[in-house]
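*Asks:* Model the following, please.
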Amino acid sequence: MKFIQVVIALTAILNTSSALRSHKNDPRELKAEDLGKYHNQAFDKLGELLANVSADVDDHKVFQHAVSAVASSCNKGDIECVFRAHETTMEVLHNGEDSGVHRRKLLESFDGNLKKSIENVYENVSLLNTNNSESVLETLNGILIDAMNMETSKEVDKVVAIGVVSVAIASTELWTSLRSTSDPRRLALLRHCDARRCLDDSSSIVQDDIDGAIEGAVDFLAEQISSFSLLGIFQVVELLQKMLQESIARSIRGLLGI
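*Replies:* This is a model prediction of the structure:
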């Protein structure tokens, strides 16, 4: 089984190499408010891959495409990031841990105002239905603006909160668009997703995305010994990449009903 996983990882890396060569973003330019943009780009990538396979494709092929989608968030030539994408995808697709544990752990010592921002995101997403996506998006964008303008001594909390809201906005836009989309990439996503879940329960998939971003932050910060103020810019990028990758992988798990 381990050999199969390694082969899948290497295949995904080879399939992702062309995307890495064309990805021009300097890693130092990755910002928390852009996580949502990269999240949706990853699902466009997944849609392109799934458009060429049948709905009953075998699990190994789906996993390979999932790794490629998660790895599409990596910067040019960052093979280490691609390996992390494989590890993250494997962990998330086979992990049934209660995401509420991660959320509570993160928010225990969080800045009070930013904690409220994240709680407001969950509250509004829980109300999402087929008729109110525009009003929910308007509220989420307001929360993002407030978080970006908030003054706090806990800069890591601000980065995490902005990233979470950004993912929530993009995820809401993505999953509520499936009902009326003509984009072949998004139609491919719909073809591989349970119609009831993707069309009538988009709120739960958006919450999967948010949970993933929070899980990524908790997992990354748990590994850090130094305080955030002592971390270099590339460690901040790694934090954002971890949030992004776990969010994408968690949403893929919801999409595929795993």
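
*Asks:* which secondary element of this protein has the worst mean pLDDT?
*Replies:* helix 2-22 (a mean of 42; mean pLDDT, DSSP states H and E).

*Asks:* following that one, which helix or strand shows up next?
*Replies:* The C-terminal neighbour of helix 2-22 among helices and strands, as given by DSSP states H and E, is helix 35-50.

*Asks:* Can you name every helix or strand that that next one contacts?
*Replies:* Packing partners of helix 35-50 (3 or more Cβ pairs under 8 Å, 6 or more residues apart in numbering; DSSP states H and E): helix 59-71, helix 155-176, helix 184-191, helix 233-256. Every C-beta, even on glycine, is put in place using the N, C-alpha and C of the backbone.

*Asks:* Off-centre distance for it?
*Replies:* Relative to the mean C-alpha coordinate of its chain, helix 35-50 is positioned 10 Å out (Cα atoms, centre = their mean, to the nearest Å).

*Asks:* now the angle between helix 184-191 and it, please.
*Replies:* Between helix 35-50 and helix 184-191, the angle comes out at 80 degrees (axes from the mean of the first three to the mean of the last three Cα atoms, to 10 degrees).

*Asks:* could you dump helix 35-50 to CSV, C-alpha only?
*Replies:* Extracted as CSV, the C-alpha positions of helix 35-50 are listed here (Å, rounded to 0.1, in the frame of the first residue of the first chain):
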residue,chain,number,x,y,z
LEU,A,35,-6.2,32.4,-0.4
GLY,A,36,-9.7,32.3,-1.7
LYS,A,37,-8.5,33.1,-5.2
TYR,A,38,-5.9,30.2,-5.2
HIS,A,39,-8.6,27.9,-3.7
ASN,A,40,-10.9,28.4,-6.7
GLN,A,41,-8.0,28.1,-9.1
ALA,A,42,-7.2,24.7,-7.6
PHE,A,43,-10.8,23.6,-8.3
ASP,A,44,-10.7,24.9,-11.8
LYS,A,45,-7.6,22.7,-12.2
LEU,A,46,-9.5,19.7,-10.7
GLY,A,47,-12.4,20.4,-13.0
GLU,A,48,-10.1,20.3,-16.0
LEU,A,49,-8.7,16.9,-14.9
LEU,A,50,-12.1,15.4,-14.0
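
*Asks:* which helices and strands does the helix or strand hosting Met90 pack with?
*Replies:* Using DSSP H and E, Met90 sits within helix 79-93. If you count contacts as 3+ Cβ pairs under 8 Å, 6+ apart, helix 79-93 packs onto helix 2-22, helix 59-71, helix 202-222, helix 233-256.

*Asks:* Near the closest residue in space to Gly36 that isn't next to it in sequence, how many other residues are there?
*Replies:* Computed as Cβ to Cβ, 6 or more residues apart in numbering, the closest residue to Gly36 that is not its neighbour in sequence is Ala170, at 2.9 Å. Burial of Ala170 is recorded as 23 neighbouring residues (other Cβ atoms under 10 Å).

*Asks:* and Asp146, what is it in contact with?
*Replies:* Ser117 (Cβ atoms under 8 Å, 6 or more residues apart in numbering).

*Asks:* so what's the residue nearest the centre of the chain closest to, chain neighbours aside?
*Replies:* Nearest residue to the geometric centre of the chain (Cα atoms, centre = their mean): Ser247, 2.4 Å. Leaving aside its sequence neighbours, Ser247 sits nearest to Gly212 (Cβ to Cβ, 6+ apart; 3.7 Å).
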